[in-house]
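1. Coordinates for the following, if possible.
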Amino acid sequence: MRQLKVMPNATGTLAPIQAAKPAARPGSGAGLGNRPAAGPSPKPAPKPAPRPALGPAVRAGSGPAPAPAVPAPAVPTVARLRLPKLCVSLQGATPAELFARAEAALSEARFLEFRLDSLAKPAAALPQLKELLTRHRDVIALATCRRKEHGGGFAGSLSAELEMLVKAAEAGCQIADLEVESAEQANRPQRARFRAALRAAGAALLVSYHDYSRTRGLKAAAERIKVFEPDYVKVVSTARTLSDNLAVLRLIEDEALDAQVVGIAMGEEGLVSRVLGPRAGAAFTFAAAAEGTETAPGQISVRSLVDLYRMDQLDQATRIFGVAGNPIGHSLSPLMHNTAFRRENVNAVMLPLKVKTLNDLLTLTRELPLSGVAVTMPLKQEVLPHLANMDPLTGRIGACNTLRTGADGNLYGFNTDVAGVVRPLERRLRLKGARVLVLGAGGAARAAVFGLVEQGAEVFITNRTHETAVALARKAKAKALKRELLKKNQFDVLINTTPCGMTGTMQALPIEESELHARLVFDMVYTPIETPLLKLARARGLAVISGFEMFVQQGARQFEIWTGKPAPEADMMRVVELALRRRG
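-> Next up, the predicted model:
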């Protein structure tokens with residue numbers, strides 16, 4: 001399959017792209033209205049008088065209007081303006097809540113969607129809507145009043161929906177969102193009167209399609225919409241896989257050539273489409289005003305889109321990276337790496353990727369494409385057969401947490417967990433000859449054991465299942481130590497690789513206090529920052545290393561592999577620690 005392209009106008013605000021097709025005949029009734037053709041036409045032929053039922057001045061029940069001797073000037077609409085990339089979507093249980101959120105959102109954006117269908121009586125909100133838009137004339141407002149049968153909250157009829165959208169336009173909204181099902185259900189005179197009323201109010205029309213279950217038939221959905229010749233085409237699906245983002249982004253690329261298109265895949269798996277849609281040529285994307293106020297599954301806050309993902313700065317040269325896992329929403333890797341990219345002026349962005357299968361991740365990596373991926377368990381082992389090459393230590397450990405896409409399109413693997421263990425330790429003591437006790441024998445322990453043995457440390461492994469410790473020790477040329485012998489041994493370093501002490505786990509300490517005989521304690525757990533083991537060590541006057549330092553150091557090594565530049569470790573450390581402390 002082809003790789004995705006990006007549109008050259010991805011930076012800054014997007015100018016509308018006029019359709020490259022001829023406009024329908026005035027009065028034909030074929031659609032909801034005609035868009036102006038791109039550019040001037042030489043020697044235009046005189047336009048025939050519009051049919052009475054379709055004329056902008058004709059209302060239901062009125063008589064035919066005489067054809068004007070001179071064509072009236074077109075009413076300007078927002079379709080001719082330059083729209084911001086971000087539209088903040090707002091809903092509320094009451095008008096007071098809706099407009100309080102709107103006032104708060106104005107500090108972040110000047111393009112707002114008002115979900116009137118979230119109100120029990122949307123008509124009651126129209127005076128406040130008009131008042132707000134009168135005070136803030138620089139605000140572009142989009143009105144939506146989707147009916148319940150089409151996934152919205154409005155309980156009224158089709159006629160009531162059309163009337164509400166017209167009144168919202170008359171109150172100052174410059175765009176009205178009508179779902180394609182309602183457009184299809186409306187008869188020709190209804191559609192004509194509706195579009196004429198929008199034009200009279202100076203409003204543009206957006207016709208939308210939503211699939212709340214999956215991603216399929218996007219091209220057909222776009223064609224259904226284009227029958228009505230709207231100013232904006234909006235196609236929204238639900239992502240079940242990462243690959244679904246590719247279908248949405250390709251639709252945007254294809255449709256953006258002759259239409260103002262918005263494409264989004266809902267759900268956590270669809271985050272890629274929300275962030276990269278405008279980069280692919282979408283007119284804009286939607287954002288939540290704040291976390292907890294989302295109007296659709298997977299919607300991202302405007303602050304995250306601007307600050308974390310720098311969406312307004314993404315362009316065709318931006319390199320895309322990902323952190324893949326399931327669950328992945330809690331990951332601090334995007335915060336850490338995007339901070340580093342910004343600090344070092346690297347044109348790149350990292351996105352969280354919710355992965356259900358390795359093949360799905362590999363498809364996205366190949367076809368988006370991704371420049372690199374940070375992978376979590378169990379993908380660290382599964383990905384090994386798909387690597388063109390890996391460094392020798394990664395091969396011995398049998399786990400890869402970092403992928404880099406080469407210039408040849410192949411994947412190359414690295415294990416930066418080793419750097420996460422070795423770097424903090426070697427800054428505090430000489431590792432060669434140091435006696436290091438590793439608690440646990442899982443994936444995290446493997447990186448620590450192999451990495452420390454390579455540095456010349458004498459490594460001992462204690463595990464709940466002694467046979468597992470013995471097997472790892474044999475492979476890494478370390479030593480297995482039974483639990484009952486801990487009290488009789490002294491160590492320079494104790495490293496906890498077990499989940500003991502992690503928020504939500506039952507067991508607080510991996511060992512008894514009487515078994516703690518080390519000068520330095522390193523706990524890989526970093527939620528909470530101050531684990532029970534670290535508290536015990538501090539009370540004993542021992543030096544400690546928090547797990548978040550390991551997390552940052554492995555990320556710093558990833559940054560170096562991906563960019564070839566030294567990592568801004570202090571900045572990465574600062575944002576990670578701050579985020580962890582905010583989480584409590």
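2. quick one: contacts for the most centrally placed residue in the chain?
-> The chain has residue 271 as the residue nearest its centroid, 3.2 Å off, counting by CA atoms, centre = their mean. In this structure, residue 271 makes contact with 298, 300, 351, 352, 353, 354, judged by CB atoms under 8 Å, 6 or more residues apart in numbering. C-beta here means a position set from N, CA and C on the backbone, and glycine is covered the same way.
3. In the stretch 101-250 of the chain, what residue spans correspond to strands?
-> 111-115, 140-144, 175-179, 204-210, 232-238 (DSSP state E, counting those that start in this stretch).
4. List of residues touching the third one?
-> With contacts defined as CB under 8 Å, 6+ apart, strand 175-179 is touched by 32, 78, 113, 140-144, 146-147, 150-152, 161-162, 165-166, 168-169, 194, 198, 203-210, 230-232, 234.
5. where in this protein is pLDDT low?
-> 1-81 (pLDDT under 70).
6. Check which residues of the lengthiest helix in it are buried.
-> Identified as the longest helix of the chain according to DSSP state H is helix 547-563. Across helix 547-563, burial judged by 16 or more other CB atoms under 10 Å covers 547-559, 561-563.
7. What is that helix packed up against?
-> helix 333-343, strand 372-375, strand 402-405, strand 411-414, helix 417-426, helix 569-583 (3 or more CB pairs under 8 Å, 6 or more residues apart in numbering; DSSP states H and E).
8. most tightly surrounded among the ones you listed?
-> When those are scored by mean count of other CB atoms under 10 Å, the highest mean neighbour count falls to strand 372-375 (a mean of 26).
9. Ramachandran angles for residue 544?
-> Backbone torsions for residue 544, taken as degrees, to the nearest 10, come to phi -140, psi 150.
10. should've said residue 499
-> Torsion angles, degrees, to the nearest 10, at residue 499: phi -80, psi 0.
11. quick one on the thing from earlier: of the buried residues of helix 547-563, just say which sits nearest to residue 263.
-> For these, the closest approach to residue 263 (CB to CB) belongs to residue 562, at 28.2 Å.
12. in the sheet, who's paired with the closest residue in space to the closest one that isn't next to it in sequence?
-> Leaving aside its sequence neighbours, residue 562 sits nearest to residue 372 (CB to CB, 6 or more residues apart in numbering; 4.7 Å). For residue 372, the beta-bridge partners are residue 321, residue 404 (DSSP bridges).
13. Next, find the distance separating residue 372 from residue 476.
-> Separation of residue 372 from residue 476 (CB to CB, to the nearest Å) stands at 27 Å.
14. Let me see the domain layout of this protein.
-> 78-316, 322-415+553-583, 428-545 (automatic domain parsing).
15. Any idea which of those domains gets closest to residue 422?
-> Between the domains of the chain, domain 428-545 lies closest to residue 422; by CB to CB that is 5.0 Å.
16. What's the local residue count around the nearest residue in space to residue 209 that is not next to it in sequence?
-> Sequence neighbours aside, residue 221 is the residue nearest to residue 209 in space, at 4.2 Å (criterion: CB to CB, 6+ apart). Neighbours of residue 221 under the rule other CB atoms under 10 Å: 21.
17. From residue 552, how far off is residue 221?
-> For residue 221, the distance to residue 552 - CB to CB - is 44 Å.
18. And residue 488, by the same measure?
-> As judged by CB to CB, residue 488 and residue 552 stand 35 Å apart.
19. Next: residue 332.
-> 9 Å.
20. where do the contact lists of these two overlap?
-> Shared contacts of residue 332 and residue 552, counting by CB under 8 Å, 6+ apart, come down to residue 576.
21. Next, the angle helix 417-426 makes with the longest helix of the chain.
-> For helix 547-563 against helix 417-426, the angle by axes from the mean of the first three to the mean of the last three CA atoms, to 10 degrees is 120 degrees.
22. Just the C-alphas of helix 547-563, formatted as PDB.
-> Provided in PDB are the C-alpha atoms of helix 547-563 (Å, rounded to 0.1, in the frame of the first residue of the first chain):
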ATOM      1  CA  GLY A 547      12.700   4.700  39.000                       C
ATOM      2  CA  PHE A 548      11.700   7.800  37.100                       C
ATOM      3  CA  GLU A 549      15.500   8.500  36.700                       C
ATOM      4  CA  MET A 550      15.800   5.200  34.900                       C
ATOM      5  CA  PHE A 551      12.700   6.000  32.800                       C
ATOM      6  CA  VAL A 552      14.300   9.400  31.800                       C
ATOM      7  CA  GLN A 553      17.700   7.800  31.000                       C
ATOM      8  CA  GLN A 554      16.300   5.100  28.800                       C
ATOM      9  CA  GLY A 555      14.400   7.800  27.000                       C
ATOM     10  CA  ALA A 556      17.500  10.000  26.700                       C
ATOM     11  CA  ARG A 557      19.200   7.100  24.900                       C
ATOM     12  CA  GLN A 558      16.200   6.700  22.600                       C
ATOM     13  CA  PHE A 559      16.400  10.400  21.800                       C
ATOM     14  CA  GLU A 560      20.100  10.000  20.900                       C
ATOM     15  CA  ILE A 561      19.400   7.000  18.700                       C
ATOM     16  CA  TRP A 562      16.600   8.700  16.800                       C
ATOM     17  CA  THR A 563      18.200  12.200  16.400                       C
END
